[in-house]
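# The following block contains a protein sequence and its predicted model.
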There are 2 protein chains.
Amino acid sequence: MENSKINILVTFDKNYINPFKVMIKSLAVTNSTCKFSIWLLHSAIADKDLNLLNEYCQSLGMEFNWIKVDRDYFKNAPISKRYPQEMYYRLLSPLLLPKTLDKIIYIDPDILVLNSILPLWNLKLKENVFAASSHSGPFDVVNGVNMVRLNNDHSYFNTGVILIDLKKARKIVKADDVFECVKKEDNLLLLPDQDVFNILYGSKTTEIDDAIWNFDAKNIPVYKLKSEGSLTIDWVMKNTVFLHFCGRGKPWKSKSAKSFNILYKHYMNLAGVLKCDDLK
Amino acid sequence: MENSKINILVTFDKNYINPFKVMIKSLAVTNSTCKFSIWLLHSAIADKDLNLLNEYCQSLGMEFNWIKVDRDYFKNAPISKRYPQEMYYRLLSPLLLPKTLDKIIYIDPDILVLNSILPLWNLKLKENVFAASSHSGPFDVVNGVNMVRLNNDHSYFNTGVILIDLKKARKIVKADDVFECVKKEDNLLLLPDQDVFNILYGSKTTEIDDAIWNFDAKNIPVYKLKSEGSLTIDWVMKNTVFLHFCGRGKPWKSKSAKSFNILYKHYMNLAGVLKCDDLK
């Protein structure tokens, strides 16, 4: 049966192995009736770590596939400290993943999955190729600034979660377009991969509600304001699917018990990556 | 194999059906490699609700057994609004449960289970019959007051979590002792069932660390103080097994995001009992 397995795309380096384990542990707990096939695009994760990740995914009932991307593929690309090769993987995934895959959901590793992802997996994109959310700031100022900055007539999308119709994307995504865009817009790019996604593919993207599909964990007050107070913690726990710890202040680096940190630490513990000192 | 299933005892009325569902959902998630047999002693939960609970437990891979306790059993007991029949179930469980059961862990329904319960299940009680924790307040004042109040030379145990060696308990627990104790100590009893447990069986109880086995969720500052600050949220998430929302201020009644409430709400959601209003 087509789509009996849900494909999940991740791209990370060795510093994000633990957050990735936390993310898919939460996926396994909150989507326990689904079957997942995880696809990792990477450059330099050691075989030993890949084998451990494979065992870990299998222990969660998930299939784990990894593709080491050939450096030759990027011979025409602007590569620098600012533009590492890895930044292109999400954008070029339609060309790097096997042609047998029809669609996939990209998920950043700094995310907790709290509810069913099936409504996104089954979303009809109509004429579009992608689905993503916009992180609107207070009174949409941040979004507006980014729209002006990149001269877009669509929302500025956060690329922490993207549904990708790979069949359609293979027809429009071209590696040279991406490399040219980086060269041309060099001075303009603040978050290079996200900006390039917005410039090249923003108009092919269906906007989905960020309170559900890409909740910015540090911005509860903004969501409360915009919902006139009706967005409560209960609402978030019941409705938000992807809780995104974007920006600085990662929960795994924080000792604070505030906000969503305890929930994150609980999933770190379930994933076996929570360390702490003994009691005095 | 003996003890291949872990027996869990619960006693609650219909008002605690939802917290019970949350408690065992957390048990299922955090102890996913164990098999559980749940035993409910009750008076008046409707057949319809019992059947739904049975289906729910089965969906978690657990066995659910319920025993409606005969009112005749309590014909000699002091029964009143202050002393409802149900208060005796935990104390008299060694006499009310099938003789085929050798041991059981009693768990209050206002608890989240965060880590493996196997160390408690496998605890050697030596000459003792029970294991339980004491909720010591700041500088052990609360514990001391209760020890004086009940004239005990052992800690004042909280009965939210009790390991019971049923084989030994059947030899020492007598219904008439319990009923007589309630009559005799009437004026002294603040929390009748817990006080009676302490008076009659406290000296047969092995004390286990409350920070691990019965963490009082409202008392983080006390634990921090007693551990000279080394008890952190990370420590609790990694080590605490039973997080007990005892006293007033139940998390399911709170709208606040503070402390452990978000974690509790997440498990309410996983248990299918979190309700909330739509956004404006």
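Great, that's in hand. Numbers count the residues shown, from 1 in each chain, chains lettered A, B, ... in the order given.

# Need phi/psi at A:L97.
phi -90, psi 160 (degrees, to the nearest 10).

# the strands in the stretch 151-280 of chain A, which residues?
Secondary structure of the stretch 151-280 of chain A (DSSP state E, counting those that start in this stretch): strands located at A:157-165, A:205-207, A:215-216, A:242-244.

# and chain B, which of those is closest to it?
Closest approach to chain B among the strands of the stretch 151-280 of chain A (CB to the nearest CB): strand A:242-244, 9.9 Å. (Each C-beta comes from the backbone N, C-alpha and C, glycine too.)

# does chain B sit close to stretch A:271-280?
Yes: Stretch A:271-280 is in contact with chain B by CB under 8 Å from any CB of the partner chain, via A:L274, A:K275, A:C276, A:D277, A:D278, A:L279, A:K280.

# quick one: contacts for the second one?
Translated: A:K275. Contacts of A:K275 were listed using CB atoms under 8 Å, 6 or more residues apart in numbering or on different chains, and they are B:D234, B:K238.

# try the fourth one
The contact partners of A:D277, by CB under 8 Å, 6+ apart, come to B:S230, B:T232, B:W235.

# my read: the first one touches A:K280, true?
Read that as B:S230. Yes: contact status for B:S230 versus A:K280: in contact at 4.4 Å, counting by CB atoms under 8 Å.

# Just give me the neighbour total for the residue of the stretch 51-200 of chain A found nearest chain B.
Closest residue of the stretch 51-200 of chain A to chain B, CB to the nearest CB: A:L114 (6.7 Å). By the criterion of other CB atoms under 10 Å in any protein chain shown, A:L114 has 26 neighbours.

# separation between it and B:Y106?
From A:L114 across to B:Y106, the span is 31 Å (CB to CB, to the nearest Å).

# Please apply the same query to A:W39.
46 Å.

# just A:D216 next, same as before
With distances taken as CB to CB, A:D216 is found 42 Å from B:Y106.

# For A:D216, which non-adjacent residue is closest in space?
Distances taken as CB to CB, 6 or more residues apart in numbering or on different chains put A:H135 closest to A:D216, at 5.1 Å, once the chain neighbours are dropped.

# Could you find the closest non-adjacent residue to A:N7?
Using CB to CB, 6+ apart, the nearest residue to A:N7 is A:I104, at 4.1 Å.

# actually A:V29, not the one I wrote
Spatial nearest neighbour of A:V29, excluding adjacent residues (CB to CB, 6+ apart): B:V29 at 5.7 Å.

# Quick check, A:T232 in contact with B:C276.
Yes: here A:T232 reaches B:C276: they are 6.4 Å apart, a contact under CB under 8 Å.

# Please list the residues of chain A that sit near chain B.
Counting by CB under 8 Å from any CB, the residues of chain A close to chain B are A:29-30, A:114-115, A:211, A:220, A:227-235, A:237-239, A:255-263, A:265-266, A:268-270, A:274-280.

# Okay, now the unreliable bits of chain A?
When residues are selected by pLDDT under 70, those of chain A lie in A:1-3, A:137-145, A:147-150.

# how does it look with 80?
Low-confidence segments of chain A (pLDDT under 80): A:1-3, A:136-153, A:188-189, A:280.

# Sort out which residues of the one helix or strand A:N51 maps to are buried, please.
Element membership of A:N51, judged by DSSP states H and E, is helix A:47-59. By neighbour count on 16 or more other CB atoms under 10 Å in any protein chain shown, the buried set for helix A:47-59 is A:L50, A:L53, A:N54, A:Y56, A:C57.

# Then stretch A:156-170?
Going by 16+ other CB under 10 Å, stretch A:156-170 has these buried residues: A:156-166, A:168-169.

# would you list every one of the helices in chain A?
Using DSSP state H, the helices of chain A run over A:17-30, A:47-59, A:89-96, A:118-121, A:141-149, A:166-172, A:175-184, A:192-201, A:210-213, A:220-226, A:233-239, A:261-270.

# Need the winner for burial among the ones you listed.
Greatest average neighbour count among those goes to helix A:261-270 (a mean of 24), per mean count of other CB atoms under 10 Å in any protein chain shown.

# distance of A:I208 from A:L163?
Separation of A:I208 from A:L163 (CB to CB) stands at 8 Å.

# who touches both of these two?
Both A:I208 and A:L163 are contacted by A:L120, A:L123, A:A131, A:A132, under the criterion CB under 8 Å, 6+ apart.

# A:L40 and chain B, how far apart?
To chain B, A:L40 is 24 Å away according to CB to the nearest CB, to the nearest Å.

# which residues does that residue contact?
Taking CB under 8 Å, 6+ apart, one finds A:V10, A:T11, A:F12, A:L50, A:L53, A:F64, A:N65, A:W66, A:I67 in contact with A:L40.

# Which of those residues ranks first by neighbour count?
That'd be A:T11 among the contacts of A:L40, by other CB under 10 Å, with 25 neighbours.

# contacting residues for that residue?
A:L40, A:L41, A:H42, A:E86, A:Y89, A:R90, A:S93, A:Y106.

# Show me which of those is closest to A:Q194.
A:R90 (9.1 Å; CB to CB).

# Pretty sure the closest one sits against A:T159.
Yes: between A:R90 and A:T159 there is a contact under CB under 8 Å: 6.5 Å.

# Save the buried residues of helix A:47-59 as JSON lines, and put in distance to A:C181 too.
Formatted as JSON lines, these follow (distance: CB to CB, whole Å):
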{"residue": "A:L50", "distance to A:C181": "31"}
{"residue": "A:L53", "distance to A:C181": "32"}
{"residue": "A:N54", "distance to A:C181": "35"}
{"residue": "A:Y56", "distance to A:C181": "36"}
{"residue": "A:C57", "distance to A:C181": "34"}
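
# quick one on the thing from earlier: just flag the most distant two among the buried residues of stretch A:156-170.
A:Y156 and A:L166 (23.6 Å).
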